[in-house]
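In: Output the structure for:
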Amino acid sequence: MTDTNTTAPTAPSAPAANPKAELTAMQAVSDAIADLDPAVAARVLRWALDSHGLSGARKGGNAEQGAETNGTVRRFADLAELHSAAAPETDADRALVAAYWFQFVEGQPDFGSQQINTALKNLGHPIANIASAFDPLKNRKPAPVVQLRKAGSTKQARKTFKLTVAGKQAVEMMIGQH
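Out: Okay, the predicted model is just below:
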């Protein structure tokens, strides 16, 4: 006679783990987005999460969002708390911190210069020329920010940017120092 109760029961809402199926799905997703521009790949992944009712999984469903510093997640209720924790001293660093909030905490694939400037104005830290704040960031090596596109042909045209790994690390270092 065999014992049929040798496996631990699983929660009714949790499907049984199938590592092979999971890896196959991960490989399919990876293959599907491999040749896409990063911004397009991010839109595809957001669509997939939303269309399968998993959009809450993207941010963890928490009111407070986290930033990782030295392997520890610090929670910030809003951009104001993150800005205070990072204590940026220059316009470029203020723009970098705000960009970090939108891209890595809010989960946006990219951000606009106007969006950053508006957020900083709301915090009481307006930047007279937001484009000039991004120039030194784009020129650093490695660049913490890259420009993805420009809407319009004038100098005042709206620009869209993305933080790089170097940008993410720079903000996390600022947070970790305070």
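
In: Contact partners for Ser132?
Out: By Cβ atoms under 8 Å, 6 or more residues apart in numbering, the contact list for Ser132 reads Asp91. All C-beta spots, glycine's among them, are computed from the backbone N, C-alpha and C.

In: so how far is Ala32 from it?
Out: 39 Å (Cβ to Cβ, to the nearest Å).

In: Could you do Lys138 as well?
Out: Lys138 is 30 Å from Ala32, by Cβ to Cβ.

In: do the same with Ala95
Out: From Ala95 over to Ala32 (counting by Cβ to Cβ), the distance is 33 Å.

In: neighbour-wise, which of the two wins?
Out: Ala95 (29 against 13; other Cβ atoms under 10 Å).

In: and the residue nearest to the more buried one when sequence neighbours are not counted, how many neighbours does it have?
Out: Spatially, and ignoring its direct neighbours in sequence, Ala95 is nearest to Ala133 (4.3 Å; Cβ to Cβ, 6 or more residues apart in numbering). Residues lying near Ala133 (other Cβ under 10 Å) number 23.

In: Give the buried residues for the helix or strand encompassing Val40.
Out: Element membership for Val40, per DSSP states H and E: helix 38-51. Residues Ala41, Ala42, Leu45 are the ones in helix 38-51 that count as buried (16 or more other Cβ atoms under 10 Å).

In: Would you mind checking which of those is nearest to Thr118?
Out: Ala42 (21.7 Å; Cβ to Cβ).

In: contact partners of the host helix or strand of Ala95?
Out: Ala95 is part of helix 91-100 when elements are defined by DSSP H and E. Here helix 91-100 makes contact (Cβ under 8 Å, 6+ apart) with 67, 79, 82-83, 86, 88, 111, 116, 119-120, 125, 127, 130, 132-134, 136-137, 144-145, 161, 163, 167-168, 170-171, 174.
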